[in-house]
Each structure stands twice: as C-alpha cells, then as structure tokens.
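Turn this into a structure:
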Amino acid sequence: MVDFSILDLLDLDLKEHNHLQLTCIAGRSGLSRKLTNSKISRPGLPLSGFFDEFSHESIQVFGRGEQQYLKKLEAEDNLSSLERLFSYPVPTCIFCDGGRPSLRIIEIVERSGCSVLQTALGSADFSRGLIQMLDEIFAQTLTIHGVLVEVYGIGVLITGESGVGKSETALELIERGHRLISDDTVKLRNISDTYLIGSGENPMLAHHMEIRGIGILNLANLFGVGSIRDKKQVQLLVHLEEWDSNKNYDRVGEDLSENLLGIDVPKLEIPVKPGRNVPIIIETAARNERLKKLGYYSAKEFDQSVLKWLESESARNLYYNNEETF
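Numbers count the residues shown, from 1 in each chain. Okay, here's the model as predicted:
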C-alpha cells in the first residue's frame, strides 16, 4: 500500500512547479492524514443530507456550486449536514476558484482534525490535474531488469539476459542523439489501464550506466542534460537475445506483443551476433512504430503488393495462354 499523506501532496505539487497551485489555509494538523486511493469527490449530495454511498475516503473538492450552497446553508443557520460530513475521516477538503470558507466553516473543519486547502484553479482544470497526479501515485507498479530509452519520440524498453549488450546498445543510441530514462532497473506504472509510464526505480541513480570494462558513467555529465529525461511512456519492447541458428526469427513483420501490468505492448525479438548493428535496428524499429501509429503498416502494404502482383501475373498468363476462338 502506498504511504502518501496530504503533506506529501503539497510537497509533490511544489516539485511539479506548483501546477495545482495548492496552499493550506487552515487545519495544518490534518496534513498528516493519509490518502488511500486516487479518487476525488464533489460533496454536493452529502451537503444536502444524502450520505448513502458517501466516498469519505476521497479528497473532497468544493467548486463554485458547493461553495454557494455552503453560503446558503450558513445564512439559514443549517450546517448540520456539513458537521456530519466532517464527522467522517475525510483526508482533506479543497476549495477551488480561490474560494475561502467562512470562519465558522473553518472552525467545523478544524474541529474534525481535517485540513483546508485552496487553489486558484477552476474545479474542472484542478480535478483533471489532481486525478492525473493521483493516478501516477496509486498506479499498479512493476520493476523489471532492462534499459528504457527514448528513440525518435518512442519509449523503447530494452530487455534481455545479463551481458547481452543492453547498456552498450543504449549508450550507442544516446551517442546518436537519443535519450536515456533509466538503466538496469525500470519501474513501470499502469496509468488508468490505458498506457505504461516507465521511470527509474531510484531517481538519483537512473541516469547512471554501468559499462563493463569502464565502470559507472554519469550520462548527464558526459552528454549533457538533453540526453536524459525522468519518465516516458513505454511504446515498444525490444528483447535482445543471443543468436540461435535453430530458431525461426520474424522476417515479415508479425504483430507480436507482451502483456505488462494488463497492457499489451508491441514486442520485437532481436537476435544479437557479431556484425549486427543493433542500435540502428532499434532506430529503424522506432521509426516503423511511429508509422504504425500514423496508420501505415509496412508488412500489410507489402502483403497487398504481393497479392496485386500475383493477381496481375495470373491475368497476364490467362490472356497470353488462352487461344482465341471464333
């Protein structure tokens, strides 16, 4: 289970250049409360007194509608539903659009031990950003042995047995202008069951590389900060293996894939032997993957061309071989 508190959320927002614009305006003692999921809730129904299926373990987001309703309840001196809402262990409540609750409402919230946060963003923009952040935090994860590089904008995860040449291949790719995300260990996150994000298991060590015979290299120092990045979507899996003369390798472009954390990732098996330029093969594979995303499949186009040729050849044979009859 992820150990993540409201204070961690504020710290992370600062590291992400404060793009959620969160500030704590009351209830600082409640910043230690833990988040247990990536859900958020708009408490319109609970404020009206309906608490069936109330998602009290979620962050409560107060948009303009909820804030106006709070003012109405306060004017009617009817805040019993609000007191009941905060009788649950709510992680935190966030007021959007720069809204600030009254002192009376703040007193009710602080009495429950909950924190009050504020953002200048509108509820829609804020909710999208918060959900994206929480999805990454609470995503299902998997750590695998491999190297993750960005080649022509495609996140390529290189795997294979130890000593097959993964790091050397990645080093050549970086020399050719591509970027490293992580060497040796890659942490994968399943984002909303839609795609995989890969990053270093340890951010402090992710951009270091071990090359047998040389030792540990700091690629940011060697090639500059333009040669690295922190995370990247995994869009292609390349498995390197020693050449096996008894194995039939793909020669026409079959659509292979591997399931990682419930998501199918296109896969290539590249045999390695002296004389094969593996980095340029991976570059070509990345270019081909970009073409596929644009709707162009080289293997299918080749197949159609062969069929057309066979059909035209058959037609010519039929035309020249059949005798005319009058």
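
Run through the helices of the stretch 201-326 of the chain in chain order.
Using DSSP state H, counting those that start in this stretch, the helices found in the stretch 201-326 of the chain span residues 219-223, 278-293, 298-321.

Of those, give the one that comes closest to Val61.
Closest approach to Val61 among those (C-beta to C-beta): helix 278-293, 34.8 Å. For every residue, glycine as well, the C-beta is placed using N, CA and C.

Just say which of the helices of the stretch 201-326 of the chain is most tucked in.
Most buried of these by mean neighbour count (mean count of other C-beta atoms under 10 Å) is helix 278-293; its value is a mean of 17.

quick one: the helices in the stretch 1-150 of the chain?
For the stretch 1-150 of the chain, the helices defined by DSSP H, counting those that start in this stretch occupy 6-15, 44-47, 64-75, 80-85, 103-111, 123-137.

Between the ones you listed, which one is closest to Cys96.
Closest to Cys96 of those, according to C-beta to C-beta: helix 123-137, at 4.2 Å.

Please work out the average pLDDT along that closest one.
The pLDDT scores in helix 123-137 average 92.

Run through the chain and note the low-pLDDT ranges.
Counting by pLDDT under 70, the low-confidence segments of the chain come to 1, 252-253, 303, 315-316, 318-320, 322-326.

domain parsing for it?
4-137, 140-301 (automatic domain parsing).

Turn those domains into TSV, including distance to Leu307.
Shown next, in TSV, are these (distance: least, C-beta to C-beta, whole Å):
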stretch	distance to Leu307
domain 4-137	44
domain 140-301	11
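
So Glu16 is in contact with Glu136, correct?
No - counting by C-beta atoms under 8 Å, Glu136 is not a contact partner of Glu16; they are 10.4 Å apart.

who has more neighbours, the two?
Neighbours were counted for Glu16 and for Glu136 using other C-beta atoms under 10 Å; Glu136 has more, 17 against 11.

Quick check: closest non-adjacent residue to the more buried one.
Arg189 (6.0 Å; C-beta to C-beta, 6 or more residues apart in numbering).

Residues in a beta bridge with the one you found, which ones?
Note on Arg189: beta-bridge partners Thr141, Ile197, judged by DSSP bridges.

Flag every buried residue along stretch 132-142.
By 16 or more other C-beta atoms under 10 Å, the buried positions in stretch 132-142 come out as Met133, Leu134, Asp135, Glu136, Phe138, Ala139.

just to revisit the earlier point, can you list residues touching both of Glu16 and Glu136?
Residues touching both Glu16 and Glu136 (C-beta atoms under 8 Å, 6 or more residues apart in numbering): there are none.

wait, doesn't Leu31 sit right on Leu7?
Yes - using C-beta under 8 Å, Leu31 makes contact with Leu7 at a distance of 4.2 Å.

how about the helices of the stretch 1-150 of the chain in CSV, adding distance to Val265?
Listed next are those as CSV, based on distance: least, C-beta to C-beta, whole Å:
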stretch, distance to Val265
helix 6-15, 27
helix 44-47, 40
helix 64-75, 41
helix 80-85, 43
helix 103-111, 45
helix 123-137, 18
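
Name the residues of stretch 186-197 that come out as buried.
Across stretch 186-197, burial judged by 16+ other C-beta under 10 Å covers Val186, Lys187, Leu188, Arg189, Asn190, Ile191, Leu196, Ile197.

Among the residues you listed, which pair sits farthest apart?
The most widely separated members of those, counting by C-beta to C-beta, are Val186 and Ile191 (15.0 Å).

what residues are up against the closest residue in space to Tyr88 that isn't next to it in sequence?
Using C-beta to C-beta, 6+ apart and skipping the chain neighbours, the partner closest in space to Tyr88 is His56 (3.6 Å). Applying C-beta under 8 Å, 6+ apart to His56 gives the contacts Tyr88, Pro89, Val90.

which of those residues has the most neighbours?
Greatest neighbour count in the contacts of His56, by other C-beta under 10 Å, goes to Val90: 25 neighbours.
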